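> Here's a sequence, model it:
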Amino acid sequence: MEGRSGVDAAAHHGHGPERMKSRVIERWVEAHLAGRRISANSLIISVYGDLIAVHGGVVWLADLIRLMAPFGLNERVVRTSVYRLVQDDWLESGQVGRRSYYRLAASGMRRFAPAWRRIFEPEGEGWSGTWQVVMLPSALEARVADNLRRELSWAGYGALNAGVLLRPTDDASTLRNILDGCGLRDRVVPLTARGLDGVTGAATDELVRECWDLQAIAATYDGFIEHFRPLLRAFGAGEAEPEQAFLVQTLLMHEFRRVLLHDPQLPVQVMPNRWRGDAARELCARLYRLSWRAACRHLQASCATPEGPLPPPSAQFFRRFGGLELPPAATDEVAAEG
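This is a model prediction of the structure:
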């Protein structure tokens, strides 16, 4: 097709004529939306982070309104949400004539990037045995301390008590960035610690149980698996049409991102055997690999930018979940771009 890139061809690869909607997927989406209270702001950010950002990051407001309608979000709700997201520095707006468009703001990209890295590029298994430890002075204002605890919790830190938070990781840069972002580099004591030689693994296990409720997190993963696993058969049989693929992929990533927020993603050396988070990630990756082509096809058919059609996804998109399979033409383009 003239003007289409190899990535557009990838979005169309294997589809042929337009498909009828799958009743299985349609019923699943209806039940999901009816059974959960989903924040419009958060869902819009999920759409931007998963697909719009990698297709140039900009869409017309009118296109976004139509894109979000199947989720049960009407025009008033979408307009209100994007206004609030602009006020919170997640999005920024622009205008051409009387038409408005929205893109992820630079601050929104910075805030969103760690969450998406945790989804698509989890930390490797290597861990030297180092712990990052944060000690909060008692003189720290309650509001400031609570905000720091929240930021550290999102980064996977556990609370030994109200004044000591820790995480088994070799990564000290994330901690420094959090302290800098909170303006606390000179008020909080960060430490790097290592266990003494000869200390048993049982002591570490007890510390992990005290700081993180892994049983509750595993139960959350089990719920995720039970909820999304029925979709594998429908997608594996090629029953999903583009809009359904977009809906499912958006809800999949939205829910997986929410579940991951509660998972500290600790090194495998301190985790239980057969961790349920691994099974949930594998299910998420399988569904994503089955849905992304049709989901991209729907986005590209539904949205445009002030400069014209949506650009193809960035090369980084195709590295998600260890690599997304492409037809040869798109593979060549991504290799050239990378």
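
> What count of nearby residues applies to the residue nearest to His262 when sequence neighbours are not counted?
With CB to CB, 6 or more residues apart in numbering as the criterion, His262 has its nearest non-adjacent residue at 5.6 Å, and that residue is Ile217. (Each C-beta comes from the backbone N, C-alpha and C, glycine too.) Using other CB atoms under 10 Å, Ile217 has 19 other residues around it.

> Flag every buried residue along the one helix or strand Ile217 maps to.
If you go by DSSP states H and E, Ile217 is part of helix 214-228. Using 16 or more other CB atoms under 10 Å as the test for burial, helix 214-228 gives Leu214, Ile217, Ala218, Thr220, Tyr221, Phe224, His227, Phe228.

> Packing partners of the strand or helix carrying Arg286?
Using DSSP H and E, Arg286 maps to helix 276-302. Judged by 3 or more CB pairs under 8 Å, 6 or more residues apart in numbering; DSSP states H and E, helix 276-302 is in contact with helix 6-12, helix 61-68, helix 214-228, helix 231-236, helix 242-260.

> Does anything pack onto the longest one? Which helices or strands?
Using 3+ CB pairs under 8 Å, 6+ apart as the contact criterion, the secondary-structure elements in contact with helix 242-260 are helix 23-35, helix 40-47, helix 106-120, helix 214-228, helix 231-236, helix 276-302.

> ok, now the shortest one?
Of the remaining helices and strands, those touching helix 231-236 by 3+ CB pairs under 8 Å, 6+ apart are helix 23-35, helix 242-260, helix 276-302.

> for those, which one sits closest to Arg110?
Smallest distance to Arg110 across the helices and strands packed on helix 231-236 (CB to CB): 16.3 Å, for helix 242-260.

> the inter-axis angle of the closest one versus helix 61-68?
Angle between the axes of helix 242-260 and helix 61-68 is 80 degrees (criterion: axes from the mean of the first three to the mean of the last three CA atoms, to 10 degrees).

> still on that earlier bit, relative to Gly129, which of the helices and strands packed on helix 242-260 is closest?
Of all the helices and strands packed on helix 242-260, helix 214-228 comes closest under CB to CB, at 19.4 Å.

> CSV for the helices and strands packed on helix 276-302, including distance to Leu266 and mean pLDDT?
Formatted as CSV, those follow (distance: least, CB to CB, whole Å; pLDDT from 0 to 100):
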stretch, distance to Leu266, mean pLDDT
helix 6-12, 36, 42
helix 61-68, 36, 97
helix 214-228, 8, 96
helix 231-236, 28, 90
helix 242-260, 13, 95
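
> Adding distance to Pro311, write the ones you listed out as a markdown table.
What follows is the helices and strands packed on helix 276-302, written out as a markdown table (distance: least, CB to CB, whole Å):
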| stretch | distance to Pro311 |
| --- | --- |
| helix 6-12 | 9 |
| helix 61-68 | 15 |
| helix 214-228 | 30 |
| helix 231-236 | 26 |
| helix 242-260 | 18 |
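
> For Glu151, which of these is the nearest?
That would be helix 242-260 among the helices and strands packed on helix 276-302, by CB to CB, at 15.8 Å.

> buried residues in the closest one?
Under 16+ other CB under 10 Å, the buried positions of helix 242-260 are 242-260.

> again, but for stretch 157-168
Here stretch 157-168 shows Tyr157, Gly158, Ala159, Leu165, Leu166, Arg167, Pro168 as buried, counting by 16+ other CB under 10 Å.

> Next: stretch 46-64.
So for stretch 46-64, counting by 16+ other CB under 10 Å, buried means 46-61, 63-64.

> Distance of the nearest residue to Ala159 once chain neighbours are set aside relative to Val188?
Spatially, and ignoring its direct neighbours in sequence, Ala159 is nearest to Leu165 (5.3 Å; CB to CB, 6+ apart). Using CB to CB, to the nearest Å, Leu165 is found at 10 Å from Val188.
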